[in-house]
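Okay, here's the prediction I keep looking at, along with the sequence it came from:
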Amino acid sequence: MAVPGMLVAGTGALMFVQNLTGHWESWAYAWTLYGAFLGLAFALMGQRLEEPAFTTLGRWFVYASLAAFAVLRGVPRQILYDRMKT
């Protein structure tokens, strides 16, 4: 239940932040955070089951997802908004 629970909670958190800020365009790169949600679920499972392999796997999912989020967050802004200014 950790995986579906984390995915639902993560989606709710994303939508909550977007509703507060009105920045719905962030879906262009926010989808990369689903890997982090999955990684957090694996890490939680690893702690509960005392299985370090799940914890390590979850940590790598979180790192990769946050790296993709950081890279893709800058790309749409640079391509779309900078071109619209000229």
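All right, it came through fine.

got the contact list for the residue nearest to the spatial centre of the chain?
In the chain, the residue lying closest to the centroid (CA atoms, centre = their mean) is residue 33, at 1.1 Å. Neighbouring residues of residue 33 by CB atoms under 8 Å, 6 or more residues apart in numbering: 10, 14, 65-66, 69. C-betas here are computed from N, CA, C, even on glycine.

now do 10 Å
Neighbour list for residue 33: 10-11, 13-14, 26, 62, 65-66, 68-69 [criterion: CB atoms under 10 Å, 6 or more residues apart in numbering].

what are the ranges of the helices in this structure?
2-21, 27-30, 33-49, 52-76, 82-85 (DSSP state H).

in this structure, what spans have low per-residue confidence?
76-86 (pLDDT under 70).

mind redoing it with 90?
For the chain, applying pLDDT under 90 flags the ranges 1-2, 23-30, 70-86.

circling back: deepest-packed of the helices of the chain, please.
Mean neighbour count, computed with mean count of other CB atoms under 10 Å, is highest for helix 33-49 among the helices of the chain, reaching a mean of 19.

For that helix, C-alpha coordinates in CSV please.
Output of helix 33-49 as CSV, limited to C-alpha atoms (Å, rounded to 0.1, in the frame of the first residue of the first chain):
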residue,chain,number,x,y,z
LEU,A,33,8.4,14.0,-9.5
TYR,A,34,6.4,10.8,-9.7
GLY,A,35,9.7,8.9,-9.7
ALA,A,36,10.5,10.6,-6.4
PHE,A,37,7.1,9.6,-5.0
LEU,A,38,7.8,6.0,-6.1
GLY,A,39,11.3,6.2,-4.5
LEU,A,40,9.9,7.5,-1.2
ALA,A,41,7.5,4.5,-1.2
PHE,A,42,10.3,2.1,-1.8
ALA,A,43,12.4,3.7,0.9
LEU,A,44,9.4,3.4,3.3
MET,A,45,8.9,-0.2,2.4
GLY,A,46,12.6,-0.9,2.9
GLN,A,47,12.5,0.6,6.4
ARG,A,48,9.3,-1.3,7.3
LEU,A,49,10.5,-4.6,6.0
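
Noted, bye for now.
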